[in-house]
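Peer 1: Structure, please.
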Amino acid sequence: MLRIVAAALLVPCLAAAEAPAKIGYQGRLLKADGSPEAGSHTLGFAVFAANQGGTALWSESQTLALSDGYYATFLGEQTAIDASVFGGGERWLELTVDGAALSPRQKIGSVPYALTCNSVSGGAVNASSVLVNGTQVISSSGQLTGAAAYSAAAGSGLSLNGTALSLSSCPTGQVLQATANGWACAGVGTVTSVSASAPLSVATGSSTPALSIAKADGSTDGYLSSADWTTFNSKAPASGSPNYLQNQTASPQTASFNITGSGTFGGDLHAGGNIFIGPNNLMNMFPFYRISSNQILTGTTGGTSANNDTVNGWSANAACGVYLRYMFTVNTNVLWANRTPEEQALLTAMGRAGTQYIERAFNVYRLGWNNGPCSWTFFQHAPDQPSMTTAAFTKLEAGTIVGFWANGISTSWALTGTHLGPNINGYSHPHPATSTATGSLLIAMPATVVGYVDLTNPVNWGWFPYVNPDTSL
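Peer 2: Down below sits the predicted model:
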C-alpha cells in the first residue's frame with residue numbers, strides 16, 4: 001500500500017485573465033512500511049468537485065522519476081487546465097499511482113487563479129463590483145457610482161454622474177461644437193449668399209433668400225399647372241412608341257399588347273404570327289383541303305424484290321436509290337389489345353391511344369435509300385397556295401433526312417412537317433433531302449394541305465378531304 005507523506009500546490013499570483021495553464025505540484029511517495037518509493041512511476045492527477053465519487057473535472061497522467069520518494073511536476077503538462085475547472089465551489093485533487101487511486105483526496109485550499117493580486121493587466125474582469133481605495137466606483141449592475149463620476153476639461157460642455165448625462169448650456173444662438181480638446185459652445189453661423197440654377201430663381205441672395213420657380217412655357221422650363229397636367233396626361237404618345245397601338249408609318253413595333261376593349265380597323269390587318277380568337281388559333285378555325293392525293297398510301301405490293309413496292313401518285317428518286325416497302329395496314333374497328341406494338345406506338349403518337357375506331361384504314365410504308373446523299377427523295381406535286389402545311393407521321397430507322405414532311409424527324413413515331421409560304425401560280429415538290437449514303441424511315445398519312453395546321457398537337461393531323469376527285473383516297 002502506498003501513501004503520500006507530503007504534497008503541495010505551488011500557485012503563482014495572476015489575474016483571472018492570466019490564469020496559469022500549469023500549476024506547480026510536489027510530494028513524496030512512501031511504501032506501506034515507510035520506506036520511500038524509487039524508480040519511475042505513472043502518476044495520475046484528477047480534480048473533483050467532491051471529496052469522494054463524482055466525475056473528474058480535469059485529469060492527466062505523467063510518468064515521473066522518484067528520488068528518495070520525492071517528485072515535483074506541473075499539473076497541466078499533458079492536458080491544459082481550463083479556467084472553468086475552478087469556476088466555483090471547493091475542489092479536491094485525487095492522485096493515482098500506476099493505476100491505483102490513493103485516498104483520501106486532497107482538498108485544494110483556494111482556486112489557483114482566484115488568489116488576491118495587486119494588479120490586473122489585460123483581459124476581462126469578472127466581479128460583483130469595483131472599489132478604488134475602499135470607495136465603490138462601479139455598482140453590481142455595472143453603473144458608474146459616486147459624485148463627479150466623470151469630469152472633463154473645463155469648457156467641454158459635457159458631464160456624467162452615475163447614469164445622468166448632462167450638456168452644459170450655451171448662450172442663445174450657439175451650439176456645442178467639437179474641438180481638439182473636447183466640446184465648446186460656438187455660433188451656428190449665418191447665410192450670406194444664396195444662388196440657384198434654372199428653373200429655380202433667387203429674388204434676394206442675402207441671409208433671408210426668396211426662391212421661386214416660374215410656370216413653364218414653350219421655351220422655358222418651369223412648373224406645370226393643373227390645366228397643363230390634364231393636357232399632358234391625355235396626350236397621345238409619339239409615333240413609334242412601343243407601348244401603344246397607333247396610326248403611324250414608323251418601323252414595326254416589337255412590344256406585346258393586351259387590349260380589353262373593342263377596336264375598328266379601317267384597312268388590312270397583317271400578322272407575322274398566329275392570330276387567336278379566345279383560346280383558339282384563327283388559323284385552325286378555317287377548313288383544310290388536301291392538294292396532294294393518296295394520303296392513305298395505296299399502291300402495289302409483293303413485287304419481285306421485297307423493296308420494290310410502289311405508292312400511287314407519289315414519285316421516288318431512283319437515282320438516289322430510293323425504294324418503298326409495304327409494312328402493315330392500320331385498320332378501323334380493331335380492339336386495342338389486338339393491335340401490334342408498332343400500331344399502338346403509331347396511334348399513340350397520333351393522339352389516338354387506346355382507340356378501336358379510326359376515320360379510315362391507311363397503310364404504312366418503309367422508305368429507304370442506298371445511293372445518297374441526294375437533294376430529293378419522295379414527293380408529290382402540290383400547286384402553291386397562300387398558305388400550306390406539309391406533314392406526315394414518321395419514325396427514323398437509320399441515316400439522316402431533313403426538310404418538308406420530315407422536318408423534326410426522330411427515332412420515335414411523331415408528327416413531323418413544316419409550313420410553306422405563298423407562291424401563287426407556282427408549285428412545290430415537298431421532298432425531304434438526305435445527307436447520308438443510306439438510311440430508312442417509316443411513313444404514314446403524308447399530305448400537303450391548304451392552310452396553316454398547328455403541328456404542335458398531333459390530333460390536328462388526320463385524313464383531309466381532297467379538292468379534286470381522288471379515286472385512290
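
Peer 1: all contacts plus neighbour counts: C-alpha atoms, from now on.
Peer 2: Fine.

Peer 1: show me where the stretch 201-350 of the chain has helices.
Peer 2: 226-233, 341-349 (DSSP state H, counting those that start in this stretch).

Peer 1: Run the chain-centre distance for the longest one.
Peer 2: Remark: helix 341-349 is offset 41 Å from the chain centroid, using CA atoms, centre = their mean, to the nearest Å.

Peer 1: partner strands of the one helix or strand residue 107 maps to, parallel or antiparallel?
Peer 2: In this assignment (DSSP states H and E), residue 107 forms part of strand 106-108. Sheet pairing for strand 106-108, assigned by DSSP bridges, gives strand 91-97 (antiparallel).

Peer 1: Looking at the helices of the stretch 201-350 of the chain, spot the one closest to residue 390.
Peer 2: When the helices of the stretch 201-350 of the chain are compared by CA to CA, helix 341-349 sits nearest residue 390, at 17.4 Å.

Peer 1: still on that earlier bit, put together TSV for the helices of the stretch 201-350 of the chain, with mean pLDDT, distance to residue 45 and mean neighbour count on each row.
Peer 2: Formatted as TSV, the helices of the stretch 201-350 of the chain follow (pLDDT from 0 to 100; distance: least, CA to CA, whole Å; neighbours: other CA atoms under 10 Å):
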stretch	mean pLDDT	distance to residue 45	mean neighbour count
helix 226-233	76	90	11
helix 341-349	97	83	17
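
Peer 1: Between those helices, which one is closest to residue 55.
Peer 2: Ranking the helices of the stretch 201-350 of the chain by proximity to residue 55 (CA to CA) places helix 341-349 first, at 75.3 Å.

Peer 1: Skip ahead from that closest one and say which helix or strand is next.
Peer 2: Counting by DSSP H and E, the element after helix 341-349 in chain order, helix or strand, is strand 362-369.

Peer 1: still on that earlier bit, in the helix or strand that comes right after the strand holding residue 107, what's buried?
Peer 2: Moving toward the C-terminus from strand 106-108, the next helix or strand (DSSP H and E) is strand 130-132. Using 16 or more other CA atoms under 10 Å as the test for burial, strand 130-132 gives residue 130.

Peer 1: Following the chain past strand 130-132, name the next helix or strand.
Peer 2: Using DSSP H and E, the helix or strand that follows strand 130-132 towards the C-terminus is strand 135-138.

Peer 1: Counting by contacts, list what that following strand packs against.
Peer 2: Under the contact definition 3 or more CA pairs under 8 Å, 6 or more residues apart in numbering; DSSP states H and E, strand 135-138 sits against strand 130-132.

Peer 1: What mean pLDDT does the strand it packs on get?
Peer 2: On average, the pLDDT along strand 130-132 is 75.

Peer 1: before we move on, what about stretch 410-420?
Peer 2: Rounded mean pLDDT across stretch 410-420 is 95.

Peer 1: pull the CA atoms of it into PDB?
Peer 2: Provided in PDB are the C-alpha atoms of stretch 410-420 (Å, rounded to 0.1, in the frame of the first residue of the first chain):
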ATOM      1  CA  SER A 410     -36.700  11.300 -84.700                       C
ATOM      2  CA  THR A 411     -36.300   7.600 -83.900                       C
ATOM      3  CA  SER A 412     -39.800   7.600 -82.300                       C
ATOM      4  CA  TRP A 413     -43.200   7.900 -84.100                       C
ATOM      5  CA  ALA A 414     -44.100  11.600 -84.200                       C
ATOM      6  CA  LEU A 415     -45.900  14.200 -86.300                       C
ATOM      7  CA  THR A 416     -43.300  16.000 -88.400                       C
ATOM      8  CA  GLY A 417     -43.500  18.700 -91.100                       C
ATOM      9  CA  THR A 418     -43.400  22.400 -91.800                       C
ATOM     10  CA  HIS A 419     -45.400  25.400 -93.200                       C
ATOM     11  CA  LEU A 420     -44.900  26.700 -96.700                       C
END
